[in-house]
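Asks: I'll drop the sequence and a predicted model, then ask my questions.
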Amino acid sequence: MSDSIDSSPPAVALSDQEVVEMVAGIRGRLFAEVGKVIVGQQEVVDQMLVALIAGGHCLITGAPGLAKTLLVKTVADVFDLSFNRIQFTPDLMPSDITGTEILEDTDQGRRMVFNKGPIFAHMILADEINRTPPKTQASLLEAMQEHQVTVAGNTMPLPEPFFVLATQNPIEMEGTYPLPEAQLDRFMLNIVIDYLSEDEEVAVVTRTTSGKKEPVHRLFTGEQLQAFQQVVKKVPIAEDVARYAVKLAASSRPNRPGTPDFVNEWVSWGAGTRASQNLVLGAKTRALIQGRAHVTLDDIRAMALPVLRHRILINYRAEAEGVTVTKVISRLIESLGK
């Protein structure tokens with residue numbers, strides 16, 4: 001992180017109220033730093049910030065060349081987190097991610113020594129994760145869920161906080177392997193990065209060809225980020241708001257009592273319980289970032305797309321009729337009313 005400047009405050013114990021005030025001001029400061037490197041993409045940064053403060057993993061979808069890798073690296077710099085990038089390729093092996101035991105000569109003779117893989121960092125960028133076969137993709141499962149890896153029968157904890165931010169190319173592109181449903185569900189959010197507007201692209205071209213580069217300041221520490229995560233869990237939520245989140249996820253499951261007809265027609269697999277949990281956790285985080293100590297239905301609705309879009313699988317009939325997952329989620333929100 002040689003391009004960043006340390007502007008983070010000294011590590012001191014903070015009260016919950018101080019943490020709440022710090023989180024409420026985090027958005028503007030993060031945008032200011034990320035904006036030195038990334039043009040536009042404010043909604044993407046917003047959603048990534050929610051995942052980080054909530055302690056969830058992110059799946060970032062978009063075509064090549066949209067600065068996905070640069071964005072993740074910049075956010076890691078701002079939070080002063082150790083960062084490793086793993087380029088997923090068709091020949092990548094699980095041991096290339098977790099590490100492997102090697103035979104070394106020591107004073108006590110030859111012995112097996114564990115050589116840590118790139119997974120041992122605070123923030124992992126799994127770049128183009130759907131270009132590697134399912135066996136290697138699955139090696140991330142334990143790390144993402146348990147924050148630990150097991151090699152040769154030995155379990156080793158990963159550094160905290162620990163995040164996996166995986167980029168994937170659209171599945172229509174040649175040479176991609178769709179992620180298994182079990183691994184997709186481990187990602188709190190699926191963030192979609194789209195092409196820039198013409199004005200934004202002009203700004204990118206001008207900036208990247210001028211030779212000028214502003215340093216990114218480190219605003220926070222990993223310890224502060226962990227404090228943010230603990231406070232998020234303490235944000236209260238009314239029962240009717242939590243029930244709305246559960247109903248929203250449950251209504252995406254086909255052939256169940258009360259499921260809307262369009263879901264039975266278009267959806268082959270709906271969102272599970274983890275979707276309800278992430279809707280609530282994301283809504284709590286969004287409320288806190290906006291300076292509120294309570295969660296509203298609008299917070300749940302705002303999190304619906306990034307939380308549900310990778311958990312709902314549409315069928316061939318929907319594809320033939322030009323129906324997208326985004327349309328299904330919009331209809332689900334409409335069906336629940338205000």
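Replies: Yes, it's here. Residues are numbered from 1 along each chain as shown.
Asks: C-alpha from now on. contacts and neighbour counts both.
Replies: Will do.
Asks: For the most centrally placed residue in the chain, name its beta-bridge partners.
Replies: Centroid check for the chain by C-alpha atoms, centre = their mean gives residue 58 as the closest residue, at 1.4 Å. Assessed by DSSP bridges, residue 58 has beta-bridge partners residue 165, residue 189.
Asks: from memory it sits against residue 191, does it?
Replies: Yes. Contact status for residue 58 versus residue 191: in contact at 7.1 Å, counting by C-alpha atoms under 8 Å.
Asks: Please enumerate the shared neighbours of those two.
Replies: Counting by C-alpha atoms under 8 Å, 6 or more residues apart in numbering, the contacts common to residue 58 and residue 191 are residue 48.
Asks: those helices in the stretch 201-338 of the chain, which residues are they?
Replies: 222-234, 239-250, 261-266, 273-289, 297-308, 316-320, 325-336 (DSSP state H, counting those that start in this stretch).
Asks: What is the third one packed up against?
Replies: Using 3 or more C-alpha pairs under 8 Å, 6 or more residues apart in numbering; DSSP states H and E as the contact definition, the elements that helix 261-266 packs against are helix 316-320.
Asks: what comes into contact with the helix it packs on?
Replies: Contacts for helix 316-320 (C-alpha under 8 Å, 6+ apart): 265, 266, 267, 324.
Asks: Looking at those residues, which one is closest to residue 150?
Replies: When the contacts of helix 316-320 are compared for distance to residue 150 (C-alpha to C-alpha), residue 267 wins out at 36.4 Å.
Asks: So what's the residue count around that closest one?
Replies: A count of nearby residues for residue 267, using other C-alpha atoms under 10 Å, gives 21.
Asks: Residue 312 is in contact with that one, correct?
Replies: Yes. At 7.1 Å, residue 267 counts as touching residue 312 under the criterion of C-alpha under 8 Å.
Asks: I'd say residue 155 and residue 146 touch.
Replies: No. With contact defined as C-alpha under 8 Å, residue 155 does not count as touching residue 146 (10.6 Å).
Asks: and the end-to-end length of stretch 180-193?
Replies: 21 Å (C-alpha to C-alpha, to the nearest Å).
Asks: now residue 138: how far from residue 316?
Replies: For residue 138, the distance to residue 316 - C-alpha to C-alpha - is 26 Å.
Asks: and what of residue 89?
Replies: Counting by C-alpha to C-alpha, the gap from residue 89 to residue 316 is 29 Å.
Asks: swap in residue 68?
Replies: Following C-alpha to C-alpha, the distance that separates residue 68 from residue 316 is 30 Å.
Asks: These two: which has the busier surroundings?
Replies: Remark: of residue 68 and residue 316, residue 68 carries more neighbours, 22 against 14, as counted by other C-alpha under 10 Å.
Asks: quick revisit: just the buried residues of the contacts of helix 316-320.
Replies: 266, 267 (16 or more other C-alpha atoms under 10 Å).
Asks: quick one: stretch 116-130 to chain centroid distance?
Replies: Computed by C-alpha atoms, centre = their mean, to the nearest Å, the chain-centroid distance of stretch 116-130 equals 13 Å.
Asks: Would you mark the buried spots in that stretch?
Replies: 116-130.
Asks: Can you tell me which of the residues you listed is nearest residue 101?
Replies: residue 116 (8.5 Å).
Asks: Contacts only, for the closest residue to that closest one other than its chain neighbours.
Replies: Among residues not flanking residue 116 along the chain, residue 99 sits closest, at 4.5 Å (C-alpha to C-alpha, 6 or more residues apart in numbering). Residues near residue 99 by C-alpha under 8 Å, 6+ apart: 114, 115, 116, 117, 118, 119, 151.
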